[in-house]
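quick one: sequence plus predicted model below, questions after.
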Amino acid sequence: MIEIYIDGACAGNPGKIGVGYLIYKNKKLIKKDCISLGVQTNNFAEYMALIFSLTDAISIGEKDCKVYSDSQLLCEQIKGKYRVKNNNILSLFILVKTIISKLRFFEITHIEREKNQEADKLAKKAVGFLE
């Protein structure tokens, strides 16, 4: 089982976006990344963080994932508790659900920002907030 911490950042909304994520296996960091993605919305950035991290997890052969995010909207939409109302996000939602279907086990959990500081730093670095 791997654990993934994700975050998206946005300089303005819409604005320049970036994503950050960390992948842990047996409590050891096995991958971290930050990616700048141009101009979009904060919610778009949150979805892209999930997409990039899950794609990386699958590419290294992982089939069981627990994901942690400080975006309550993202978590509740993925769980099916909130509807996806924004057409800009709908295609990303469908992509995420397709990626999740490739996994044997998937769980996403909303966490407080204080528990997601490393992913937040990576996302902000991708936007250019941090060096």
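Cool, got the structure. Numbering: from 1, shown residues only.

when you work out contacts or count neighbours from here on, use the C-alpha atoms and nothing else.
Will do.

which residue ranges of this protein form helices?
For the chain, helices defined by DSSP state H occupy the ranges 42-59, 72-79, 87-100, 117-127.

these into TSV, with extra columns for distance to Y24?
Compiled in TSV, those are given as follows (distance: least, Cα to Cα, whole Å):
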stretch	distance to Y24
helix 42-59	10
helix 72-79	19
helix 87-100	18
helix 117-127	12
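
can you tell which of the ones you listed is closest to K66?
Nearest to K66, of all those, is helix 42-59, at 10.1 Å by Cα to Cα.

re earlier: which one of the helices of the chain is the most hemmed in?
Mean neighbour count, computed with mean count of other Cα atoms under 10 Å, is highest for helix 117-127 among the helices of the chain, reaching a mean of 23.

check which helices and strands that helix sits against.
In terms of contact count using 3 or more Cα pairs under 8 Å, 6 or more residues apart in numbering; DSSP states H and E, helix 117-127 is assigned the packing partners strand 2-12, strand 15-25, strand 28-40.

could you export those to TSV, including columns for distance to K121, mean neighbour count and mean pLDDT?
Below are those laid out as TSV (distance: least, Cα to Cα, whole Å; neighbours: other Cα atoms under 10 Å; pLDDT from 0 to 100):
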stretch	distance to K121	mean neighbour count	mean pLDDT
strand 2-12	9	25	97
strand 15-25	7	24	97
strand 28-40	9	16	97
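
could you export stretch 93-112 as CSV, CA atoms only?
The C-alpha atoms that make up stretch 93-112 are tabulated as CSV, following Å, rounded to 0.1, in the frame of the first residue of the first chain:
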residue,chain,number,x,y,z
PHE,A,93,-13.1,14.0,-13.0
ILE,A,94,-13.8,11.4,-15.7
LEU,A,95,-10.1,10.9,-16.3
VAL,A,96,-9.5,10.4,-12.6
LYS,A,97,-12.3,7.9,-12.3
THR,A,98,-10.8,6.0,-15.3
ILE,A,99,-7.3,6.0,-13.6
ILE,A,100,-8.8,4.8,-10.3
SER,A,101,-10.5,1.9,-12.1
LYS,A,102,-7.0,0.6,-12.9
LEU,A,103,-6.2,0.2,-9.2
ARG,A,104,-7.1,-2.7,-7.0
PHE,A,105,-7.7,-0.4,-4.0
PHE,A,106,-8.2,3.4,-3.8
GLU,A,107,-9.1,5.6,-0.9
ILE,A,108,-9.1,9.4,-0.7
THR,A,109,-9.2,11.3,2.5
HIS,A,110,-9.5,15.0,3.3
ILE,A,111,-6.9,16.2,5.7
GLU,A,112,-6.2,19.6,7.3
